[in-house]
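Visitor: Got a predicted structure plus its sequence, pasted below:
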Amino acid sequence: MGAALGMGAGILWAAQGMIMVSYPREDEKGKYISIFWVIFNLGGLFGGILPFAINYYHSGSLTDSVYVLFAILESSGAVVALFLAPPSSIVRDDGSRATLPRTGGARKESLEVLKLFKNKWMLLLLPMSFTSNFFYSYQFSEYNAAIFNLRTRGFNNLLYWLSQIIGSYVLSLLLDYVDWSRRKRGVYAMAVTAVSFNVVWGLSLLVQLRYTRGGDNTDYPGGLIDFKETSRAAGPVVLYFFMGMVDSWYQNLAYWIIGTLTNDACVTARYVGFYKGIQSMGAAISWQFSARQLPYLNQMVGNWVLLVLSLPTMLYTVLQIRDHAMDDNLIYAHTYEDESCCEMDTMQTSVKYHSML
């Protein structure tokens, strides 16, 4: 069941990323990423409200009817997706069209995906991809579930996903600020994200040094925190809020960087699929660390180190960003031996690009 769910999610994420990054104009990709991120995290927001409300006065579990409601919503989403407009019918405000992916079959696509492991940009963004969900196991299990009581965990999750919505919108204003070049926007967004998550992880270290185990047997001073204990709860709860905000900045920036590499939907689908695949591999490893009960401090420091190590190659990629997508025959010429899948799209994109110069 879990494997089927994961495979389905991989297909969904690749398609979603392709639409989100390749449909908009180059000067509004931050907005489109933000719109998706807001809708996406509304699910987490409502998912936080339910356990918070149920466990406000007493500890309990979600009823079967709640899970039935979740299943109905999931199924409805799959049906609604059938009404999405295909790329061939998408006309942007400036009159340009979204490119239409044309595949050469499963075998050819598999070979093209494997070639991504020789792609300069994907290799540069490999650390970013690997670490972009790695910290979830620590934040959810070794922080939120470790030092807060049940109803406060629900309250925290509500705030965590709300902060993602706010953070995504705020960053989109910077990523689409047309008075600056895309490279300048990328550099400033990287600076804000890098400084912010280092502050958040530095504060996380200060909290982590106060306990070594969590849950009912926590050794956190004073025991599990309840959100009504203002003096004890304020700092850790606010920190969890900003964990969510910085996560949204990091992941929105990751999508935006990928979006600067190409406007071609065919190539975008591969890039996003690569990103989500490596991201999922990192997440799977991190949850194993949690399941094997590695010391909390080791997990916390490991997450921080991985995030710091992802910055140099992200920054290098950002410094190569131009005001128009970098794909125009330059990447293709060095990456793909046979690009018949996107050959016509590449030619059209190249003509359009050079006409802008």
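Guide: Nice, I can see it. Numbering: from 1, shown residues only.

Visitor: now the nearest residue to M243 once chain neighbours are set aside: how far from G105?
Guide: Nearest residue to M243, sequence neighbours excluded (CB to CB, 6 or more residues apart in numbering): Q139, at 5.4 Å. C-beta here means a position set from N, CA and C on the backbone, and glycine is covered the same way. In this structure, Q139 and G105 are 41 Å apart, going by CB to CB, to the nearest Å.

Visitor: Neighbour count: these two, which is higher?
Guide: Using other CB atoms under 10 Å as the criterion, Q139 and G105 rank with Q139 on top: 20 against 9.

Visitor: My guess is that one contacts F241. True?
Guide: No - judged on CB atoms under 8 Å, Q139 makes no contact with F241 at a distance of 11.5 Å.

Visitor: I'd guessed I147 sits against Y211; true?
Guide: Yes - at 6.3 Å, I147 and Y211 qualify as touching, with contact defined as CB under 8 Å.

Visitor: out of those two, which sits in the busier spot?
Guide: The neighbour comparison of I147 against Y211 (other CB under 10 Å) goes to I147, with 27 against 17.

Visitor: What residues does that one make contact with?
Guide: Contact analysis of I147 by CB atoms under 8 Å, 6 or more residues apart in numbering lists 207, 211, 214, 218, 220, 224-225, 236.

Visitor: so which two of the residues you listed are the farthest from each other?
Guide: Farthest pair in the contacts of I147 (CB to CB) is V207 and L224. Separation: 13.9 Å.

Visitor: More neighbours: which of those two?
Guide: More crowded of V207 and L224, by other CB under 10 Å: L224, with 19 against 16.

Visitor: what are the phi and psi angles of that one?
Guide: Backbone torsions for L224, taken as degrees, to the nearest 10, come to phi -60, psi 140.

Visitor: Just give the nearest non-adjacent residue to it, would you?
Guide: Nearest residue to L224 in three dimensions, chain neighbours excluded: N149, at 4.3 Å (CB to CB, 6+ apart).

Visitor: What residues does the one you found make contact with?
Guide: 224-226.

Visitor: Pick out whichever of the residues you listed sits closest to A265.
Guide: Nearest to A265 out of these is I225 (CB to CB; 46.9 Å).

Visitor: So the closest one sits against T152, correct?
Guide: Yes - between I225 and T152 there is a contact at 6.1 Å, judged by CB under 8 Å.

Visitor: Identify the contacts common to these two.
Guide: Between them, I225 and T152 share these contacting residues under CB under 8 Å, 6+ apart: 233, 237.

Visitor: Next, work out how far apart N298 and S196 are.
Guide: From N298 to S196 the distance is 23 Å (CB to CB).

Visitor: When these two are compared, which one has more neighbours?
Guide: Just comparing N298 and S196: by other CB under 10 Å the higher neighbour count belongs to S196, 16 against 11.

Visitor: Can you verify the more buried one is assigned to a helix?
Guide: Yes - S196 forms part of a helix when assessed by DSSP: H, G, I helix; E, B strand; the rest coil.

Visitor: related to what we said a few turns ago, just the contacts of I147 now: which is nearest L311?
Guide: Checking the contacts of I147 against L311 with CB to CB, the nearest one is V207 at 23.1 Å.

Visitor: Apart from its neighbours in sequence, what residue is nearest that closest one?
Guide: Take V207 and drop its neighbours on the chain: the residue closest to it by CB to CB, 6+ apart is P236, 6.0 Å away.

Visitor: Could I get the phi/psi values of I225?
Guide: Backbone torsions of I225, given as degrees, to the nearest 10, read phi -90, psi 140.

Visitor: now the one 4 residues further on
Guide: Dihedral angles of E229 (phi, psi; degrees, to the nearest 10) stand at phi -80, psi 80.

Visitor: Many thanks, we can stop here.
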